[in-house]
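**Q** A predicted structure for the sequence below; I have some questions about it.
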Amino acid sequence: MNGFEKTALAQFLSKWPQLNNVAIAAIELEFHRKELAKGELFLKAGKVADEYLFLEQGFIRSYLFDTEGNEITMNFYSKDEMVFEVASFFQRSPSQENFEATTDCTGWVLTYEKLNHLFHTLPEFRDFGRAILVKGFISFLSKWPQLNNVAIAAIELEFHRKELAKGELFLKAGKVADEYLFLEQGFIRSYLFDTEGNEITMNFYSKDEMVFEVASFFQRSPSQENFEATTDCVGWVLTYEKLNHLFHTLPEFRDFGRAILVKGFISFKLRTLAMINKTAEERYELLLKSNPTIFQHASLKHIASYLGITDTSLSRIRKLLAGK
């Protein structure tokens with residue numbers, strides 16, 4: 001790489017306090033140049049992600065197709081951002097998303113093999129990698145007025161990385177919930193079985209939401225629900241023990257935790273009321289407006305049970321609304 005090109009990557013790396021000049025020089029040597037033409041795919045759905053891209057110039061869009069074949073944009077990436085499909089890259093599983101260059105792009109890539117090498121030989125790179133991965137979590141925490149930068153830093157250190165493969169259970173019915181999850185990427189469904197053995201969807205969880213079974217977690221009692229990853233998922237978890245530690249040592253975390261619980265209670269109350277005083281069609285329209293991502297990741301059967309209606313009724317409602 002020539003001096004100008006090397007400087008572009010070095011300038012990005014130098015913004016991270018975890019990296020000194022010696023570490024930056026070592027990391028730069030492991031990256032190689034990448035160019036994409038407009039319309040070219042950086043990653044194709046169905047392939048395992050093997051490249052971790054620093055986008056020096058250009059614009060990239062990630063997208064997938066929902067159950068009805070509609071193209072859904074998931075994210076945009078621009079200059080000086082890291083681009084990779086985190087679940088596919090770290091779990092070595094096929095990507096569900098396409099990553100397409102919407103302009104001509106240039107950047108620098110690190111392969112999975114070389115990233116692993118840096119992780120095991122360069123402590124500074126491990127700290128940098130964690131900072132990159134936790135960036136989304138920190139962004140979520142910073143949205144809460146209860147938390148200042150010092151509190152955010154203290155909280156972030158207590159969480160650890162969690163990955164779930166599609167179909168894997170985050171929590172199994174009968175087990176006591178011990179993890180409090182910030183879902184950075186992916187989709188989770190909670191469900192149980194009624195007295196006749198029918199599977200009933202209780203809730204859906206998507207990106208930037210907290211996922212936990214509140215009764216089991218706080219009462220230390222067996223969960224009645226299963227929590228299943230309906231896509232590959234990545235996030236950050238806090239154990240019950242560490243949550244209690246933060247509650248007793250960090251007043252800001254108590255305020256944050258209370259706000260999370262209040263938000264969950266309000267959501268539950270509104271859904272309970274809707275099951276009583278709104279028609280099936282109104283409940284469907286409300287769900288469509290409040291959480292449209294559900295329709296990208298959940299089957300119509302699961303959505304119908306969540307709304308308290310049959311599959312046939314849901315199909316009728318969708319046809320009716322499509323005709324309006």
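**A** Arrived safely, thanks for sending. Numbering: from 1, shown residues only.
**Q** for the residue nearest in space to the middle of the chain, report the pLDDT, please.
**A** For the chain, the residue nearest the mean C-alpha position is Q185 (1.5 Å; CA atoms, centre = their mean). pLDDT, Q185: 88.
**Q** next, it: phi, psi?
**A** Per-residue torsions, Q185: phi -150, psi 140 (degrees, to the nearest 10).
**Q** so it is in contact with W236, correct?
**A** No: checked against CB atoms under 8 Å, the pair Q185 and W236 is beyond contact range at 11.0 Å. No exception for glycine: its C-beta is placed from N, CA and C like everyone else's.
**Q** can you tell me the helix or strand for I24?
**A** For I24, the host element (DSSP states H and E) is helix 21-28.
**Q** mind exporting that helix as CSV, just the C-alpha atoms?
**A** Output in CSV follows, covering the C-alpha atoms of helix 21-28 (Å, rounded to 0.1, in the frame of the first residue of the first chain):
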residue,chain,number,x,y,z
ASN,A,21,1.3,3.4,16.9
VAL,A,22,3.1,0.0,17.1
ALA,A,23,-0.3,-1.8,17.2
ILE,A,24,-1.6,0.3,14.3
ALA,A,25,1.4,-0.6,12.2
ALA,A,26,1.0,-4.3,12.9
ILE,A,27,-2.7,-4.2,12.1
GLU,A,28,-2.3,-2.3,8.8
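**Q** same for the top helix by length along the chain, what does it pack against?
**A** Using DSSP state H, we find that the single longest helix of the chain is helix 251-277. Where contact means 3 or more CB pairs under 8 Å, 6 or more residues apart in numbering; DSSP states H and E, helix 251-277 is packed against helix 149-158, helix 240-249, helix 280-290.
**Q** would you list those helices in a markdown table and tack on distance to K172?
**A** Listed next are the helices and strands packed on helix 251-277 as a markdown table, based on distance: least, CB to CB, whole Å:
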| stretch | distance to K172 |
| --- | --- |
| helix 149-158 | 24 |
| helix 240-249 | 16 |
| helix 280-290 | 26 |
